[in-house]
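Engineer: Below is the structure, and that's it, no one-letter string:
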Ligand SMILES: Nc1ncnc2c1ncn2[C@@H]1O[C@H](COP(=O)(O)OP(=O)(O)OP(=O)(O)O)[C@@H](O)[C@H]1O
């Protein structure tokens, strides 16, 4: 919801604000670029500027809701509000508050929350004045409209906010939450192993939300995966790419079909651990080629037999790069909730009809030696060779049609 005449989105960042001036300015610039890219990608009019710890998207009322929706998808954004900008005078602000109440108040107790920034002499009124005079203006507007005004400062149903700055004031009625974290592109890139299941897209998004661009890698399991399995990975990466239109999120598809066949034929209890080693080595090969500095995986302690603490240790040694596991200590129910928020859950749960790779009695306490000694000798060379020549899928061409609808 927005006040009538809303012409700006007020965008707040969090952690960026506690950095040194130099770092903060760099991060704000990156966030500005990312917001402009999101607007352009969605054909929304708007120009992003930055002033005193806030970013502002100047736009039109017809686009202000969509521009706000775009802003709250950008890593680094803590919250955003579709707002109306007015002169920083008591008269202009109270008039805007009254108009906002006339247009947006739909019954229930109200409150005014005002903040004033700048030197004490920047305005000839205080934030308390704004709240009391603004409250009176809203009271009168509700009464004039035939309603019964009621104030409740502790638990209002309708809150109007005023953010009064030295040369401009903003009036708004909601603060929409963003992902927080840091602007995408303020960290070095990571290779994200994305399977199209529930977990890996969430893991990839977690590192993106801390500022790290990802190079998504999917390992095609051949007859053990199937077209739908790969389509799930493509669609979930497309969902991530829509949030990062100015970054290269093309999906690298590494052929793992022959490797899986070898593993099914020649290994048993440690099969999934060798498959994981194949994937890490493939990810490392892609990372080295693109100057990425680590690997992201969606594993969580104990979620599967291949994810016991021992097995994570047994497989990690295949690469010198750090393996980041943002979901390591999360419960599945929380991961599912994040996947729903991210919009990747529905596609991740489409049945993919994969053939079973896992052995009936998987190892739960592997060691690096026990895994390597049971593994086909050429496995890692196969991973390197397949990863040097991946198929590249440009997921930007994907619309939002879910896998099931294709
Ligand atoms: N075919 C694949 N291509 C790329 N990465 C994969 C693939 N399969 C698994 N991974 C990576 O390995 C991690 C663990 O996979 P596994 O299938 O054991 O667990 P999972 O909990 O089902 O993961 P997910 O829900 O992401 O599929 C995944 O989160 C992902 O990062």
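Structural biologist: Received it, and whenever you're ready, just let me know what you need. Only a predicted model underlies this, so the values are computations on that prediction, with no experimental measurement involved.

Engineer: use CA for all of it now, contacts and neighbours both
Structural biologist: Will do.

Engineer: Just the residues contacting stretch 7-14, thanks.
Structural biologist: When contacts are defined by C-alpha atoms under 8 Å, 6 or more residues apart in numbering, stretch 7-14 is touched by residues 53-61, 64, 67-68, 71, 76-85, 180-181.

Engineer: Centre of the chain to it, how far?
Structural biologist: Centre-to-centre, stretch 7-14 and its host chain are 17 Å apart (C-alpha atoms, centre = their mean, to the nearest Å).

Engineer: average pLDDT for it?
Structural biologist: Along stretch 7-14, the predicted local confidence has a mean pLDDT of 95.

Engineer: what comes up buried for it?
Structural biologist: Within stretch 7-14, the residues that qualify as buried by neighbour count (16 or more other C-alpha atoms under 10 Å) are 7, 8, 9, 10, 11, 12, 13, 14.

Engineer: Next up, identify which helix or strand residue 278 is on.
Structural biologist: Using DSSP states H and E, residue 278 sits in helix 271-289.

Engineer: rewinding a little: near the ligand, from the buried residues of stretch 7-14?
Structural biologist: Judged by C-alpha under 6 Å from any ligand atom, the overlap between those and the neighbourhood of the ligand is nil.

Engineer: So which of those are in helices?
Structural biologist: Among those, no member falls in helices (DSSP state H).

Engineer: Over to stretch 252-263 now: how far is its first residue from its last?
Structural biologist: Stretch 252-263 stretches 22 Å from its first residue to its last (C-alpha to C-alpha, to the nearest Å).

Engineer: hmm, who's touching that stretch?
Structural biologist: Under the criterion C-alpha under 8 Å, 6+ apart, external residues in contact with stretch 252-263 comprise 215-224, 271, 274-275, 282, 357, 375-376, 379, 382-383, 386-387, 389-393.

Engineer: which among the buried residues of stretch 7-14 gets closest to residue 145?
Structural biologist: Within the buried residues of stretch 7-14, distances to residue 145 taken as C-alpha to C-alpha reach their minimum at residue 7, with 25.1 Å.

Engineer: mind checking the backbone torsions on that closest one?
Structural biologist: Backbone geometry at residue 7, expressed as degrees, to the nearest 10, gives phi -140, psi 10.

Engineer: And for residue 27?
Structural biologist: Taking degrees, to the nearest 10 as the convention, residue 27 sits at phi -70, psi -40.

Engineer: ok, how many other residues are close to residue 20?
Structural biologist: Using other C-alpha atoms under 10 Å, residue 20 is surrounded by 9 other residues.

Engineer: Need the pLDDT of it.
Structural biologist: Spelled out, the predicted local distance difference test score at residue 20 is 89.

Engineer: and the gap between it and the ligand?
Structural biologist: For residue 20, the distance to the ligand equals 34 Å [C-alpha to the nearest ligand atom, to the nearest Å].
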